[in-house]
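**Q** model this:
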Amino acid sequence: MNRCNLRNCTIAAALAAGLFAAVRPTFGDGACLRVSILNGTPTCTVTADQAACESVVNSFYFGDGSTCADVPDIYYTHPDGGQVNLSGATLFANFFELPGVSNDAINVDGDTIPCSGDPMSGFADTNCDTFSDGIDRLAPTFTCGLKWHGQWLIQYRSVGSGNGLAEFVDYQLLGRIPSTIPTELGVLNGIRFAGAGIITPGVPYQCPANCFPPLNSADMNCNGIVEGDDIQGFVDAVFFATGCDIDRADLNEDSLLDAFDVPQFVDCVLTGGLNCGRAINVTTTSGDTERNESNTPVCPESIDIANMDVPTKWFVLAPGGTAVWNRKPTFDGYGNNPNGSSDTGFSNKLKPLSRVDQQGQEVTLNVNTAVPDANTVYDTTVAYSPVVPIANRGTGLENVTFTDLQYSFVTGRMPSGENLVVNCRDVGSGTRNAWSNGIGVDPSWASGDNLGNQTTGSSNTNVGPNTRATQCGSSSHSENAAQQRRLCLGYTGIFGTDRAAADAVSGNYEILNVKKDVSGGTNFVRCTVDSVLDNSDPSTGWQIGGSQTLAPRGDYNSGINGNTNPPMERAAPRDYMRNLTGSIQNYINSGAAPEFNRLPKCLY
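**A** Numbering: from 1, shown residues only. Sure, this is the predicted structure:
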């Protein structure tokens with residue numbers, strides 16, 4: 001073998017270096033992922049090296065020799081990053097559109113400010129000029145068609161508190177992932193992808209993910225059920241292209257029949273079809289069928305946390321005893337009204353925390369935090385949500401008593417017999433639960449005019465054929481019902497861009513004053529910040545509302561300060577809960593005015 005001498009090798013090396021320099025990209029040595037400290041937008045550029053990348057705050061170096069093309073479409077920059085999926089309340093839906101929801105309050109990702117070495121959390125001084133100038137957004141904006149990187153993808157399904165609790169229980173006990181369009185809002189990292197039961201048009205979310213295979217797609221012998229006998233049909237379809245409907249075997253919907261369809265088929269068969277397929281939603285004018293998917297750009301992997309306007313136990317059916325209109329939470333007979341809608345029989349009963357699995361065994365969650373186990377749900381109060389009575393101006397109402405409200409929502413008529421249109425949410429609504437318990441009525445009995453099934457869109461409450469004003473699937477449906485009907489009485493939350501305070505200013509309907517005559521109240525009280533915060537006196541305080549509750553399965557503080565309670569299963573939602581509660585505690589510890597550091601009195 002010929003060997004070069006030192007001179008020749010040096011020349012050869014120089015020529016090789018020159019040739020490499022001629023073809024080497026001029027953009028640097030590695031992909032640098034950053035999230036803006038101003039607006040939370042993720043970007044990717046290529047920098048000279050790791051030091052150059054990480055000299056700027058909130059940056060992550062992807063690796064030597066990498067380009068932005070090497071970065072996956074979705075990339076979590078921390079090992080404990082991932083999806084955080086919540087489902088529940090409509091009253092609290094606007095909270096998840098706020099940019100500050102994912103601001104790093106406790107340095108979740110453990111990063112530091114390059115110029116100082118201080119933790120990157122809170123409103124920080126990122127350039128060491130003594131002025132705070134930026135934040136660490138852990139859930140950066142997701143934009144269709146662009147690569148995304150960050151700590152969390154936070155997806156919120158606003159479907160009503162009890163309905164969200166049901167989706168949470170279904171996933172935790174049965175592994176079911178919901179596919180329907182959220183009845184109020186669908187939000188991903190602060191941006192809506194659906195609203196009021198319909199797909200939200202416009203930028204940025206016009207890239208719906210295809211999350212579910214067609215209905216009964218694993219039913220390979222076309223007998224209407226998913227079972228072990230379908231295995232041979234799957235093999236025939238994939239390997240021999242024979243069978244009653246071979247396209248059903250394309251479980252991953254990549255238009256190919258191959259081994260990549262096997263994992264989903266096995267999952268379908270083992271779960272008896274629970275994780276397979278989706279219901280048909282509508283038929284278009286062209287005759288095509290559209291599957292009932294939520295329009296989310298990112299398929300949820302779980303439902304980690306239920307979000308409710310009241311504590312979990314207020315939503316749980318208490319069997320036994322006698323069902324009566326004023327039964328209180330946890331008492332036998334609570335939530336057990338046997339009367340469904342008078343025309344369709346739509347149930348007004350609350351639901352248990354149990355399910356029946358595929359083996360026919362009952363499985364259940366519990367709220368026994370005193371003696372917790374792996375199935376214990378941990379309630380965490382994060383806010384207080386007032387609920388107010390609303391009425392169309394045509395009713396002439398300005399002031400109502402608790403007695404008026406109790407009569408109206410239990411019977412559909414005022415004590416005088418006046419037959420108003422008494423609007424209500426469906427029993428899976430936390431707004432209905434907080435409102436009902438707030439006025440001293442078991443929520444399963446507070447059904448107003450008690451007609452119809454759950455509404456799925458605001459158009460259901462428009463005046464016209466087949467219109468209805470009860471069993472509304474979201475707050476926006478109820479508000480629309482009050483606006484559309486001259487003699488309508490209802491309720492909704494007061495705070496938020498889509499709720500009563502803004503609607504009343506716009507003239508959509510009126511907010512009523514309430515006297516708590518059943519407890520000795522002497523004045524008609526209006527819901528204000530002061531009357532909510534100082535609400536111990538029924539003659540001056542607002543006492544209708546509920547404790548906004550986030551409820552995960554497992555203790556998110558497990559492992560901290562000797563806490564040995566069963567932990568949450570996934571790190572991302574655990575850290576989300578820690579960050580949110582840590583943010584609240586940081587505010588309390590900041591020396592803010594005392595009146596902002598307490599929650600109002602609850603009924604129970």
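
**Q** Where does the prediction get shaky in the chain?
**A** 1-28, 196-206, 213-216, 252-255, 272-292, 496-498, 591-604 (pLDDT under 70).

**Q** ok, how many other residues are close to Asn337?
**A** Using other Cβ atoms under 10 Å, Asn337 has 24 other residues around it. C-beta here means a position set from N, CA and C on the backbone, and glycine is covered the same way.

**Q** residues contacting it?
**A** 323, 325, 348-349, 442, 444-445, 447 (Cβ atoms under 8 Å, 6 or more residues apart in numbering).

**Q** Kindly report the same for Asp379.
**A** Neighbouring residues of Asp379 by Cβ under 8 Å, 6+ apart: 311-312, 367, 369, 549-551.

**Q** Please tell me which one of those counts the most neighbours.
**A** Neighbour-wise, the contacts of Asp379 (other Cβ under 10 Å) top out at Thr549, 30 neighbours.

**Q** which residues touch it?
**A** Thr549 touches 307-312, 379-382, counting by Cβ under 8 Å, 6+ apart.

**Q** So which residue is smack in the middle of this structure?
**A** Among the residues of the chain, the one closest to the centroid is Tyr156, at 2.3 Å (Cα atoms, centre = their mean).

**Q** With the flanking residues excluded, which residue is spatially nearest to that residue?
**A** Closest residue to Tyr156 apart from its sequence neighbours, by Cβ to Cβ, 6 or more residues apart in numbering: Phe96 at 4.1 Å.

**Q** Tell me how far that neighbour lies from Ser102.
**A** Distance of Phe96 to Ser102, given as Cβ to Cβ, to the nearest Å: 10 Å.

**Q** shared neighbours of these two, anything?
**A** In contact with both Phe96 and Ser102: 154, 190, using Cβ under 8 Å, 6+ apart.

**Q** So between those two, which is more surrounded?
**A** Ser102 (27 against 24).

**Q** is it true that that one touches Leu138?
**A** Yes - Ser102 lies in contact with Leu138 (Cβ atoms under 8 Å); the separation is 4.3 Å.

**Q** Which neighbours do these two have in common?
**A** With Cβ under 8 Å, 6+ apart, Ser102 and Leu138 have common neighbours 151-152, 579.

**Q** would you list every one of the helices in the stretch 351-500 of the chain?
**A** For the stretch 351-500 of the chain, applying DSSP state H, counting those that start in this stretch gives helices covering 402-411, 430-438, 475-484, 500-505.

**Q** Mean neighbour count for the ones you listed - can I get that in CSV?
**A** Shown next, in CSV, are those (neighbours: other Cβ atoms under 10 Å):
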stretch, mean neighbour count
helix 402-411, 22
helix 430-438, 30
helix 475-484, 26
helix 500-505, 17
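
**Q** who wins for proximity to Asp170 among those?
**A** Distance to Asp170, taken as Cβ to Cβ, is lowest for helix 430-438 among these, at 17.2 Å.

**Q** Show me what the closest one is packed up against.
**A** If contacts are counted by 3 or more Cβ pairs under 8 Å, 6 or more residues apart in numbering; DSSP states H and E, helix 430-438 sits against helix 161-174, strand 380-391, strand 488-493, strand 545-552.

**Q** re earlier: save the shared contacts of Ser102 and Leu138 as JSON lines, and put in neighbour count and distance to Cys144 too.
**A** Compiled in JSON lines, the shared contacts of Ser102 and Leu138 are given as follows (neighbours: other Cβ atoms under 10 Å; distance: Cβ to Cβ, whole Å):
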{"residue": "Gln151", "neighbour count": "27", "distance to Cys144": "20"}
{"residue": "Trp152", "neighbour count": "26", "distance to Cys144": "18"}
{"residue": "Asn579", "neighbour count": "24", "distance to Cys144": "27"}
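
**Q** Give me whichever of the helices and strands packed on helix 430-438 is most buried.
**A** strand 488-493 (a mean of 29; mean count of other Cβ atoms under 10 Å).

**Q** Can you give the strand pairings for it, parallel or anti for each?
**A** Partners of strand 488-493 in the sheet, by DSSP bridges, are strand 380-391 (antiparallel), strand 421-422 (parallel).

**Q** and the shortest one, how far from the chain's centre?
**A** Read it as strand 421-422. 30 Å (Cα atoms, centre = their mean, to the nearest Å).

**Q** repeat for stretch 560-569
**A** For stretch 560-569, the distance to the chain centre is 24 Å (Cα atoms, centre = their mean).

**Q** Can you list the buried residues in that stretch?
**A** 565, 567-568 (16 or more other Cβ atoms under 10 Å).

**Q** How about stretch 125-132?
**A** The neighbour-count criterion (16+ other Cβ under 10 Å) identifies 125-127 as the buried residues of stretch 125-132.

**Q** and that stretch, how far apart are its ends?
**A** Start-to-end span of stretch 125-132 (Cα to Cα, to the nearest Å) is 4 Å.

**Q** ok, now stretch 377-397?
**A** 42 Å.

**Q** Kindly report the same for stretch 96-106.
**A** 19 Å.

**Q** residues of that stretch that come out buried?
**A** 96-97, 101-106.

**Q** same thing with stretch 246-265?
**A** Result for stretch 246-265 [16+ other Cβ under 10 Å]: buried residues 246, 248-251, 257, 261, 264-265.

**Q** Could you do stretch 306-325 as well?
**A** Buried residues in stretch 306-325, counted by 16+ other Cβ under 10 Å: 306-316, 318, 323, 325.

**Q** Pipe the contacts of Asp379 into JSON lines and attach distance to Asp517 per row.
**A** What follows is the contacts of Asp379, written out as JSON lines (distance: Cβ to Cβ, whole Å):
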{"residue": "Pro311", "distance to Asp517": "27"}
{"residue": "Thr312", "distance to Asp517": "31"}
{"residue": "Val367", "distance to Asp517": "33"}
{"residue": "Thr369", "distance to Asp517": "37"}
{"residue": "Thr549", "distance to Asp517": "29"}
{"residue": "Leu550", "distance to Asp517": "34"}
{"residue": "Ala551", "distance to Asp517": "34"}
